[in-house]
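Participant: Any chance you can model this:
(one chain, ligands or ions: 4)
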Amino acid sequence: MKDYYLVDYHLHTPRCGHAWGELDDFVRRALDLGLKEIGFADHFPLLHLRDESLSMGLEEVPIYVEEIYELKGRFPEIDIKLGIEADYVPEVLEELNSLLERYPFDYVFGSIHYVDGWGFDDPRYLGGYEKWKIIDLYRRYFQILGDAAETGMFDILAHPDLVKKFGYRPEEDLEDIYLTCLERVARAGIAVEINTSGLRKPAGEIYPALPFMRICRELGIGITLGSDAHEPADVGRDFQLAVSLMEETGYEDIILFEKRNPRPQPLKLS
Ligand code: ZN
Ligand code: FE
Ligand code: FE
Ligand code: ZN
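Facilitator: Ligands and ions are numbered 1, 2, ... in the order given. Below you'll find the model as predicted:
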């Protein structure tokens, strides 16, 4: 993988309450793998509820920022970015927006972890799947994903088809649902993330699915790359497979971010 410009933009830290390890070890793992850049993107505080097992508290955000800057200073041999993963929750959007603007993030991930108040990606609330016809859940999820894109508050949509995480899949074809959603994403001009953590979940597949990625490519939507590592061992996990999907769908560039400005970077180094 040495001839590729690989970055891992989706690393968590123990501040979120469900990640483990020393920040130095995340960096060392990235150096061992020869990644060109990494970015921490820990969970921004949830504003609609407080759960210490899901995100850092508001008072911790400045400390998180400090920690990443300190890390940057100690590891000049790799480019370390300051990102954040923020939840799209319609009720608290304005508050979120004004808080995000206070910090010098290189990029902000928008994540859908809630469908109408239900934390569908949280194993504690798996029972919620019984209440939905799965195709309706997917329809609703991708509608919300489009809503999130249109807020203009996010640079990248994280794990774009997270709704498949626990392996609940509709029998119906999803092309139309993907297309309707992705036309909104393309118009919003933001990127989507290729996130390898789905391989480590019951879904057993990268987020997003290949047909989704093909439509992204057709619509000219940019992509970033991340492992969603919640421990050092998962940094850069399964990037070989991610690269082969990118090549299969015709992606030649990935998008890099600095101070919230996107810049395409050829994936393959010549
Ligand atoms: Zn997490
Ligand atoms: Fe997430
Ligand atoms: Fe994450
Ligand atoms: Zn995530």
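Participant: only C-alpha atoms for contact and neighbour calcs from this point on.
Facilitator: OK.
Participant: in the stretch 51-200 of the chain, which spans are strands?
Facilitator: In the stretch 51-200 of the chain, the strands defined using DSSP state E, counting those that start in this stretch lie at 79-87, 107-111, 156-157, 191-195.
Participant: I'd like to know which elements the last one is packed against.
Facilitator: It refers to strand 191-195. Packing partners of strand 191-195 (3 or more Cα pairs under 8 Å, 6 or more residues apart in numbering; DSSP states H and E): strand 156-157, strand 223-226.
Participant: and the ones you listed, which is most packed in?
Facilitator: Counting by mean count of other Cα atoms under 10 Å, strand 156-157 has the highest mean neighbour count of the helices and strands packed on strand 191-195, with a mean of 26.
Participant: That one pairs with which strands?
Facilitator: strand 107-111 (parallel), strand 191-195 (parallel) (DSSP bridges).
Participant: what does that strand rub up against?
Facilitator: Strand 156-157 is contacted by residues Tyr107, Val108, Phe109, Gly110, Ser111, Leu145, Ala149, Ile190, Ala191, Val192, Glu193, Thr224 when judged by Cα atoms under 8 Å, 6 or more residues apart in numbering.
Participant: same thing but at 7 Å, please
Facilitator: With Cα atoms under 7 Å, 6 or more residues apart in numbering as the test, strand 156-157 has contacts from Val108, Phe109, Gly110, Ser111, Ile190, Ala191, Val192, Glu193.
Participant: wait, which of the strands of the stretch 51-200 of the chain is closest to Asn261?
Facilitator: Closest to Asn261 of the strands of the stretch 51-200 of the chain is strand 107-111 (Cα to Cα; 7.9 Å).
Participant: mean confidence score for the closest one?
Facilitator: What strand 107-111 shows for mean pLDDT is 98.
Participant: quick one: contacts of it?
Facilitator: With contacts defined as Cα under 7 Å, 6+ apart, strand 107-111 is touched by 83-88, 148, 154-158, 257-260.
Participant: just the residues you listed now: which is nearest Ala203?
Facilitator: Of the contacts of strand 107-111, the one sitting nearest to Ala203 (Cα to Cα) turns out to be Ala158, at 15.9 Å.
Participant: which phi and psi does that closest one have?
Facilitator: Dihedral pair for Ala158: phi -70, psi 150, per degrees, to the nearest 10.
Participant: and it, what does it touch?
Facilitator: By Cα under 7 Å, 6+ apart, the contact set of Ala158 is Phe109, Gly110, Ser111, Val192, Glu193.
Participant: swap the cut-off to 8 Å and go again
Facilitator: Taking Cα under 8 Å, 6+ apart as the criterion, Ala158 is in contact with Glu85, Phe109, Gly110, Ser111, Ile112, Val192, Glu193, Ile194, Asn195.
Participant: Next: Tyr103.
Facilitator: Neighbouring residues of Tyr103 by Cα under 8 Å, 6+ apart: Pro62, Val65.
Participant: any idea how far it is from Ile84?
Facilitator: In this structure, Tyr103 and Ile84 are 10 Å apart, going by Cα to Cα, to the nearest Å.
Participant: before we move on, the earlier item: can you put the helices and strands packed on strand 191-195 in JSON lines and add distance to Ala233 and mean pLDDT?
Facilitator: As requested, the helices and strands packed on strand 191-195 are arranged in JSON lines below (distance: least, Cα to Cα, whole Å; pLDDT from 0 to 100):
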{"stretch": "strand 156-157", "distance to Ala233": "24", "mean pLDDT": "98"}
{"stretch": "strand 223-226", "distance to Ala233": "14", "mean pLDDT": "98"}
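Participant: Dump those to JSON lines, plus distance to Ser244.
Facilitator: Compiled in JSON lines, the helices and strands packed on strand 191-195 are given as follows (distance: least, Cα to Cα, whole Å):
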{"stretch": "strand 156-157", "distance to Ser244": "21"}
{"stretch": "strand 223-226", "distance to Ser244": "13"}
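Participant: Out of these, the one nearest Tyr141 is which?
Facilitator: It's strand 156-157; of those, that one is closest to Tyr141 (Cα to Cα) at 12.8 Å.
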